[in-house]
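>>> coords please:
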Amino acid sequence: MKTIFTNAFILFFICSLQAQNKDAGLLFDGIDDYVKVPHHTSLNLGRSAFTVEALIQADTGNKGTVAPTIFSKKGVAGSSLDGFNFWLTDKGFIGIQMEGTSYAGGGFGPGGNPGVPAKDLRDGLCHHVAYTREVGGVQDTINGYQDGALIRKSRKAALLADISNSIDLWIGWSEDDSVTANVYQFKGIIKEIRIWNFAKTEAQIYADKGKHMVGNEAGLIAYWRLDENAGSTVKDCGPNGNNGKLMKGTGWGSFCANYLDAIPAGCNNVPTGIENESDNSSVFIYPNPATTAIKVSGLEDSRIDQVRVYEVTGRQVLIQNWDGKDELNLSHLTNGLYLIKLSYEGNSVFESRFSKN
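Below you'll find the model as predicted:
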């Protein structure tokens, strides 16, 4: 793949804007489609406060599915890999499962107090859905929201649910279900998935439900716009660069027109001076953000002879032959956002954003 330097990066910027479509979203067939985001420690929520949210357009065909999954990071129930599922229940209410305990609208879940009446969201219409966990000294509070309004407040003894694990994050299905019952597939469109490291208030959730994020907001852990509208990679616009891979023929569809505001600069719109980014999701870099060095994993089957690093302006700041080691020294770079490119005989093998702090 040919590198395009600074004189041409404006053209790349324009093309990125054209490729994105604020009304586009991922279309799941309800059979075997999903997106796989490789495990990274930045996606582990542990026992901390969090917010998970998404936009969905669930097909009425989900009414034959036990729990259509929006996204999950969950291993076999009851094991040390048990994590969480963010889903719709068999009644179409939003729900979240953490370490085997389920919380949902419509009177389902321990220690619950209802808010506004929960709706069956398997109606083919566009909805914003969210769950938060507030961490307290004695009890944690789990809040469910549909279209920006609180529908359920449940409580659980504090700090009992550690939902960290080493499982990949799946969008549109659950990894543990794929090898057991096959009853958690989502049918319809999903977009604007966001994970935060704090519990957003009802006012914050309502205010942001129809807005794009930039990607540098305080507390944002991961952010998949799912608006690429082409290709097989979905980009994490958040600070950790946890890109995902479309699996089993997952395609693109059209979300409700004008539900979201205009796409801001950021993520795919950041000019990098590189023609394209890699679809090679088997390779990943860590830690990200980095400090003095960055490591590369998953290169066992790839041939690499050169590494280059670029600033977001397209200016090359590092080039060296790849010596087979999996660590790259970054101590001479200033703090900021960069793009790393690994290649063999001039052809790109892997490209990814990273930040240095």
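>>> Any idea which residue is closest to the centre of this protein?
By Cα atoms, centre = their mean, the chain has its centre lying nearest to residue 224, at 4.4 Å.
>>> Surely it and residue 244 touch.
Yes: using Cβ atoms under 8 Å, residue 224 is in contact with residue 244, at 6.6 Å. Every residue, glycine included, has its C-beta placed from N, CA and C.
>>> tell me, what's touching the two both at once?
In terms of Cβ atoms under 8 Å, 6 or more residues apart in numbering, residue 224 and residue 244 are both contacted by the residues 37, 171, 234, 236.
>>> hey, which helix or strand in the protein has the poorest pLDDT?
Across the helices and strands of the chain, the lowest-confidence element by mean pLDDT, DSSP states H and E is helix 9-19, at a mean of 37.
>>> Tell me the helix or strand right after that one.
Using DSSP states H and E, the helix or strand that follows helix 9-19 towards the C-terminus is strand 24-29.
>>> Show me what the mean pLDDT comes to for that following strand.
The predicted model assigns strand 24-29 a mean pLDDT of 93.
>>> That strand packs against which elements?
strand 187-196, strand 251-254 (3 or more Cβ pairs under 8 Å, 6 or more residues apart in numbering; DSSP states H and E).
>>> winner for burial among those?
Highest mean neighbour count of the helices and strands packed on strand 24-29: strand 187-196, a mean of 25 (counted as mean count of other Cβ atoms under 10 Å).
>>> how about the next helix or strand after it: buried residues?
Per DSSP H and E, the first helix or strand lying C-terminal to strand 187-196 is helix 202-208. Using 16 or more other Cβ atoms under 10 Å as the test for burial, helix 202-208 gives 204, 205, 206, 208.
>>> From the contact counts, what lies against helix 202-208?
Contacts defined by 3+ Cβ pairs under 8 Å, 6+ apart place helix 202-208 against strand 127-134, strand 139-146, strand 149-157.
>>> can you do 10 Å?
In terms of contacts (3 or more Cβ pairs under 10 Å, 6 or more residues apart in numbering; DSSP states H and E), helix 202-208 is packed against strand 50-58, strand 127-134, strand 139-146, strand 149-157, strand 187-196.
>>> Assumed residue 62 was part of a helix.
Yes: assessed by DSSP: H, G, I helix; E, B strand; the rest coil, residue 62 belongs to a helix.
>>> How much space separates it from residue 91?
11 Å (Cβ to Cβ, to the nearest Å).
>>> what do these two both touch?
Here residue 62 and residue 91 have 120, 121, 122 as joint contacts, going by Cβ atoms under 10 Å, 6 or more residues apart in numbering.
>>> Output the residues you listed in TSV, with distance to residue 341 appended to each entry.
Shown next, in TSV, are the shared contacts of residue 62 and residue 91 (distance: Cβ to Cβ, whole Å):
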residue	distance to residue 341
120	47
121	42
122	43
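>>> quick one: which of the residues you listed is nearest to residue 72?
Using Cβ to Cβ, the shortest approach to residue 72 within the shared contacts of residue 62 and residue 91 belongs to residue 121, at 17.1 Å.
>>> Neighbour-wise, give me the winner out of the shared contacts of residue 62 and residue 91.
residue 121 (25 neighbours; other Cβ atoms under 10 Å).
>>> and the end-to-end length of stretch 121-131?
By Cα to Cα, to the nearest Å, the extent of stretch 121-131 from end to end equals 15 Å.
>>> ok, now stretch 318-327?
End residues of stretch 318-327 are separated by 14 Å (Cα to Cα).
>>> Identify each buried residue in that stretch, please.
Buried, per 16+ other Cβ under 10 Å, within stretch 318-327: residue 322.
>>> mind giving me the domain split of the protein?
Recorded structural domains for the chain (assignment: automatic domain parsing) are 6-10+272-356, 21-262.
>>> and those domains, which is most packed in?
Most buried among the domains of the chain, counting by mean count of other Cβ under 10 Å: domain 21-262, with a mean of 20.
>>> which regions of the stretch 201-350 of the chain lie under the pLDDT threshold?
Residue ranges of the stretch 201-350 of the chain with pLDDT under 70: 265-282, 298-302, 312-313, 324-326.
>>> Apply 80 and report the result again.
Within the stretch 201-350 of the chain, the ranges that satisfy pLDDT under 80 run 263-286, 288, 297-303, 312-315, 322-326, 345-349.
>>> which stretches of it form strands?
Ranges of strands in the stretch 201-350 of the chain, per DSSP state E, counting those that start in this stretch, are 220-224, 233-234, 244-247, 251-254, 284-286, 293-297, 306-311, 316-321, 327-329, 336-344, 347-356.
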